[in-house]
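Undergrad: Give me coordinates for this.
(chains A, B, C and D, ligands or ions: 2)
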Amino acid sequence: MSSGRRLIVYVTLGDDLVKPQLIQRFMHSGCDVLELGLPTPLAKYDGPTIRRSIARALRTCDGRVRELLDMVRQFDAEQKVLFTYFEFAANMGLREVYSRAAEHVESVLFPDLLIDYPERVDEYVAMSREYGLELTFFVPTTVPHRLVTRIASLDPAFVYLGLMISTGVHLPVTAERNIGVIKRLLGQVPLVVGFAVRTPEQVRRYVAAGADGVVVGSAILKMLEEGEAERSVELVRSLKEAMES
Amino acid sequence: MSSGRRLIVYVTLGDDLVKPQLIQRFMHSGCDVLELGLPTPLAKYDGPTIRRSIARALRTCDGRVRELLDMVRQFDAEQKVLFTYFEFAANMGLREVYSRAAEHVESVLFPDLLIDYPERVDEYVAMSREYGLELTFFVPTTVPHRLVTRIASLDPAFVYLGLMISTGVHLPVTAERNIGVIKRLLGQVPLVVGFAVRTPEQVRRYVAAGADGVVVGSAILKMLEEGEAERSVELVRSLKEAMES
Amino acid sequence: MTGIPHRWYNVIPDLSRPLPPPRDPEELGAESRIELLPRLFPDALIDQEQTSERWVEIPTEVFDAYRTLGRPTPLVRLKRLERVLGTRARIYAKREDVNPTGSHKPNTAVAQAYYARQEGVKKLVTETGAGQWGSAVALASAVMGLRCTVFMTRSSYLTKPYRRTLMLSFGAEVVSSPSERTEIGRRFLASDPNHPGSLGIAISEGVETVLSEESTKYAVGSVMNFTILHQTVIGLEAMRQMEEEGVEPDVIIGCVGGGSNFGGIALPFIGSRLRGEGYERTRIIGVESKGAPRMTTGRYDYEFVDSAGYLPRLKMYNLGKDFLPPTIHAAGLRYHGLSPIVSLLLREHLIEARSYQQEEAFAAALKLTRVEGLLPAPETAHAVSAVLEEAERYRRTNEEGVILLCFSGHGLLDLQSYERFLPSE
Amino acid sequence: MTGIPHRWYNVIPDLSRPLPPPRDPEELGAESRIELLPRLFPDALIDQEQTSERWVEIPTEVFDAYRTLGRPTPLVRLKRLERVLGTRARIYAKREDVNPTGSHKPNTAVAQAYYARQEGVKKLVTETGAGQWGSAVALASAVMGLRCTVFMTRSSYLTKPYRRTLMLSFGAEVVSSPSERTEIGRRFLASDPNHPGSLGIAISEGVETVLSEESTKYAVGSVMNFTILHQTVIGLEAMRQMEEEGVEPDVIIGCVGGGSNFGGIALPFIGSRLRGEGYERTRIIGVESKGAPRMTTGRYDYEFVDSAGYLPRLKMYNLGKDFLPPTIHAAGLRYHGLSPIVSLLLREHLIEARSYQQEEAFAAALKLTRVEGLLPAPETAHAVSAVLEEAERYRRTNEEGVILLCFSGHGLLDLQSYERFLPSE
Ligand SMILES: Cc1ncc(COP(=O)(O)O)c(C=O)c1O
Ligand SMILES: Cc1ncc(COP(=O)(O)O)c(C=O)c1O
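TA: Numbering: from 1, shown residues only, chains lettered A, B, ... in the order given. Ligands and ions are numbered 1, 2, ... in the order given. Now for the predicted structure:
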């Protein structure tokens, strides 16, 4: 992936509000990377909006996860990242996940890998290398500094800092401070930040604080729920603009 | 009075156990100064033995204090000091006391002067000077240091430190420490110490600590009460010896 | 130089693995508890809960309040205890009992009240069982000029009139729970007009009150990261004080309810160790009651913080939110869960856990009291048990060592409890 | 550098006139009380009572005990109180309430117990009313390894079970007085089996016990020079602490029972002034209860220390040894006399006296409590009244000033009393 500033859009695989054609429009409006969430019933860090999206997806596919995984290829984006919980993927079989999706994505991102399975990082690295995928890591704000330094040394495509406790739920957390701390630890490794990003103003502040990329998800899904697809495209555009300014 | 070490013996005027002839023997046995107590019913600082002596004296003279005062002349001693409470003397009239006794004593010592009548020290000094008597002061161990320095500057014949709270009652007070403190403040002014002195051992320690003289009273009166006049003479001799060793 | 630190220590950046974040209930459709947090707590505290920084500035006004409360608290050597135990170990106690309510609780209460007031909050609400936490919040509200309502379980309200009076003296309002004030209270009263109440009900009443009133926030006594953060004043002071004494602790011991006094004293040392700056050999022992043996028998898993389930789930050693501990005198140790930070340390074997019966605890406390003149709170008494056990180990091996005890509180308002454990003479 | 002084300060050598010595009863034939002293008190204390030296070394073991008890106690600025009073005066409190029994009393109790033990004494006996002094002696006996018997007036024994339990926890024996133990106790019980007791009877029982047992001495809580001497740790620490703060007190305020906490804080400052070394303008205010107004209405004369007349007569402001003060909550201020040292200072106009009703005192205390979170003992509350009055004076004149309060104790074991004085809301 390129090392410029990235706007990443999250959508849930199988959510029928997410049409491939809309994704295309996102890509044209400034989305650099598409983050595709594999829905799982155990949505550890997901807030209400994404949980609803997951619920829709699970209803649609009726739990046929393989089918959902295969949907990755439907989306037309230059860069794609598969986003799913390690716990779920490991249960299903890591190889199963990689073998179905790897061809179509640049990386697989496990938000719970460092939190719940830090001892299996090597496995993740090996599997990604085997399938020729880049490494990406998710960290919460409560990540140990040494761990950040360690993953930075693995030369990942980016490290994703979850700014809030759960997706889509804005809390009065001083995101800029945390971004600054993590970025200092990462050095040259790109830092993308997400969870409850919804305004250009936020993007400006986060980028100023040191973020190399921003993820937006719930804000878009919410608009889609409200039938405001057009506004969601507008949002993508405005976030991208804020990022470059 | 001479400035060598002094043994002072206290007796109560009017106590019929105290015979002029016995006093003579004391004088021959080493007593340097005779301290004659004018008995008063308000025996502020007197312990049981001297209180009994006072009681005997008051019974004898039946309160005719002037007669008691006149008895001073009966005692044959080179140096005599009249000892009485200022409260009592002032009630009676200071001049009355001085006019009757001054001719026969070297000094009048008021144990309560500095404690209860510090504002009348000048009067005492003036009266003593008028009658050609030397100054002597009594201080308790709880005397302010500045007061000691002040009276030292009046060039008294001696300052009498009451080592205990009351006469004749030995308490576990570290007399040597207090003697040292007061002596340092007095400088050249002689320090005599008393209250509950009864052994040569005490005298040795007190002199070593800085005392220039020692007063013995209750110990002698007690022997007289027990009919042991001979032993009391012996005590005087042994105390004097201890003082010179 | 007052010796009070100017910053609190956040151990999270130094841990060996990330602290598992709070989670909403598992069911996809459940109401989000995480969304509720900003309505319950001051923003600054939520921010502290999630900070990536190692050090958090103590605001001047909180620092000043710490001074008034008696900080830095004394670190004292218990030489006479050492002597009667015949041990070569040196025993030090960090005396949090000098706080005016008799425990470490005001260390976080004044900070919570400060941030609340800074954000325009007018009233703090909390729950209390035996009264230690309620008193601390009442005190903190007084100090920071806030109103305060304490929901006190009815059984304590009736049997602990002095704790109640103490809160009233600080100007707080004390409400017997269940009460007529809240829907949930009325529901319980309807079912039983003499309902004894429970911490769960009191919390529910408090939360209902906070959610229904303007400018009102909840104060929480332990478990949450920010409560542990604030309590690190204990350990930061103790570390400096021990350095001044020229000693290093070989064993650090504290009792564990929600984990705040224990975390407070231990984390600065553990942090140094994790950063490779010393204390590599220091053993850290958390002591719980056998009446609520979360550390020694509990599961390490996500569970609700409060039995009412108002707050998010946290990953912690727990006995299940519906665990009903036996009525023990150390009310502060009767808790189903345990601070996620302390839980993680236990999981990582950075600390040890030990549990005692309250009989042992009171006996140990009296042993200490009778030579040192310090009367530990029943909670603290449990930690004293472990001190005696460690000292005995040193005695047997005839080794030298240094034991540091967090003396989290005194028992002056728990004398009723002591009465029952006095040896009959 | 712990900040605890290594020497106590004896003001007597610096006074403007000699301290009138104790005296035996006036009647020539009366039994000598002075002779009795060595049978009642350890030698070292009698020696201290009579020392001519300005400084008395604090024995290492007492120094160590002071550390364990929490010395040096904090000096804290009550900024929030200043603010609500709208005064430009700075108000400092010397927090003696951090002592484990909640007051300054252990400062002398541990010294008395130490000297007793050094002289082979095995048991201390004392009297107590409300329990502050009894607790302190029980604590001190525990710390110094002595047995302890406390004669507690029957009325307190029944109404203050927690103070009793505290003493028992320290390992003391607590005897309801009048008791069957002594002749005098039996006499009172015979006259009335439900006799409520009195301090006088309790002292008499204690003295009878001391005189009839081997290796047993009496502990005395105030009035005597040596108790004041030991309490000067308060003022010596406070003086150094104020120097560190860079301030000088313009007013020093303490409550006055026997005079020990007041003398303790004030004497080092008065001494400096008497030696011409500073504090010339500092005003020193002793505060008593209007229920026992010795300083403001009493006679300065010789009177027995104890109502039973076992001890010598001392020259002091007093209301007569048979004065029966009304039952007030500040039990420590219900005394007929006053330390001879403090009396002399009052006579010499080196200190001022002021008296308050207990209603005013509790109201003042609550005013402080509700902004500072410190709950004063009822005795201390009286001193707080004077602090408010002085602060108000500074407010009116808009002058700057520094007020130093001896916060002699906390009210955690007096919450019963506070209950009655809480404003009804
Ligand atoms: C004196 C004392 N110690 C310990 C505790 C336990 O709480 P934590 O584990 O949060 O320190 C409490 C709780 O009320 C307490 O009052
Ligand atoms: C808290 C407190 N303050 C003051 C006093 C008064 O005593 P003193 O004048 O000797 O300090 C007492 C006596 O019991 C007390 O308990």
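Undergrad: and whichever strand or helix holds C:Ile203, which residues are buried?
TA: According to DSSP states H and E, C:Ile203 maps onto helix C:199-212. Across helix C:199-212, burial judged by 16 or more other Cβ atoms under 10 Å in any protein chain shown covers C:Leu199, C:Gly200, C:Ile201, C:Ala202, C:Ile203, C:Ser204, C:Glu205, C:Gly206, C:Val207, C:Glu208, C:Thr209, C:Val210. Just so you know, the C-beta spots here come from the backbone N, C-alpha and C atoms, and that holds for glycine as well.
Undergrad: Kindly report the same for stretch C:357-365.
TA: Using 16+ other Cβ under 10 Å as the burial criterion, the residues of stretch C:357-365 that qualify are C:Gln358, C:Glu360, C:Ala361, C:Phe362, C:Ala363, C:Ala364, C:Ala365.
Undergrad: now, which of those lie within strands?
TA: Judged by DSSP state E, strands contain none of the buried residues of stretch C:357-365.
Undergrad: from the residues you listed, which is closest to chain D?
TA: Set against chain D, the nearest of the buried residues of stretch C:357-365 by Cβ to the nearest Cβ is C:Ala365 (8.4 Å).
Undergrad: That closest one and ligand 2, how far apart?
TA: Per Cβ to the nearest ligand atom, to the nearest Å, C:Ala365 is found 24 Å from ligand 2.
Undergrad: Who are the contact partners of the closest residue to that residue other than its chain neighbours?
TA: In this structure, C:Ala365 finds its nearest non-sequential neighbour in C:Ala381, 3.6 Å apart by Cβ to Cβ, 6 or more residues apart in numbering or on different chains. C:Ala381 makes contacts with C:Cys255, C:Ala330, C:Gln358, C:Ala361, C:Phe362, C:Ala364, C:Ala365, C:Gly411, as judged by Cβ atoms under 8 Å, 6 or more residues apart in numbering or on different chains.
Undergrad: OK, contacts around the fifth one?
TA: Read it as C:Phe362. Contacts of C:Phe362 (Cβ under 8 Å, 6+ apart): C:His329, C:Pro378, C:Ala381, C:Ser417, C:Tyr418, C:Phe421.
Undergrad: near ligand 2, from the residues you listed?
TA: Counting by Cβ under 6 Å from any ligand atom, nothing from the contacts of C:Phe362 sits close to ligand 2.
Undergrad: most neighbours, which of these?
TA: Highest neighbour count within the contacts of C:Phe362, by other Cβ atoms under 10 Å in any protein chain shown: C:Ala381, with 34 neighbours.
Undergrad: Around residue 26, how many other residues sit close by?
TA: In the absence of a named chain, this looks at chain A. Look at A:Phe26: counted by other Cβ under 10 Å, it has 25 neighbours.
Undergrad: Chain C, not that one
TA: 12.
Undergrad: rewinding a little: now could you export just the CA positions of the helix or strand in which the residue nearest to C:Ala365 is found as PDB?
TA: Assessed by DSSP H and E, C:Ala381 sits inside helix C:378-397. C-alpha atoms of helix C:378-397 as PDB (Å, rounded to 0.1, in the frame of the first residue of the first chain):
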ATOM      1  CA  PRO C 378     -11.300  -5.200  58.800                       C
ATOM      2  CA  GLU C 379     -10.300  -5.100  55.100                       C
ATOM      3  CA  THR C 380      -6.700  -4.100  56.000                       C
ATOM      4  CA  ALA C 381      -6.700  -6.900  58.600                       C
ATOM      5  CA  HIS C 382      -6.700  -9.400  55.800                       C
ATOM      6  CA  ALA C 383      -3.500  -7.900  54.400                       C
ATOM      7  CA  VAL C 384      -2.000  -8.100  57.900                       C
ATOM      8  CA  SER C 385      -2.600 -11.800  57.900                       C
ATOM      9  CA  ALA C 386      -0.400 -12.100  54.800                       C
ATOM     10  CA  VAL C 387       2.300  -9.900  56.500                       C
ATOM     11  CA  LEU C 388       2.400 -12.200  59.400                       C
ATOM     12  CA  GLU C 389       2.700 -15.200  57.100                       C
ATOM     13  CA  GLU C 390       5.500 -13.600  55.200                       C
ATOM     14  CA  ALA C 391       7.300 -12.500  58.300                       C
ATOM     15  CA  GLU C 392       7.100 -16.000  59.600                       C
ATOM     16  CA  ARG C 393       8.700 -17.300  56.400                       C
ATOM     17  CA  TYR C 394      11.600 -14.900  57.000                       C
ATOM     18  CA  ARG C 395      11.800 -16.100  60.600                       C
ATOM     19  CA  ARG C 396      12.000 -19.700  59.600                       C
ATOM     20  CA  THR C 397      14.600 -19.100  56.900                       C
END
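Undergrad: on that earlier part again, could the buried residues of helix C:199-212 go into a markdown table alongside distance to D:Met295 and pLDDT?
TA: Shown next, in a markdown table, are these (distance: Cβ to Cβ, whole Å; pLDDT from 0 to 100):
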| residue | distance to D:Met295 | pLDDT |
| --- | --- | --- |
| C:Leu199 | 50 | 87 |
| C:Gly200 | 55 | 85 |
| C:Ile201 | 53 | 91 |
| C:Ala202 | 49 | 94 |
| C:Ile203 | 52 | 92 |
| C:Ser204 | 55 | 92 |
| C:Glu205 | 51 | 96 |
| C:Gly206 | 49 | 96 |
| C:Val207 | 54 | 95 |
| C:Glu208 | 55 | 95 |
| C:Thr209 | 50 | 97 |
| C:Val210 | 51 | 97 |
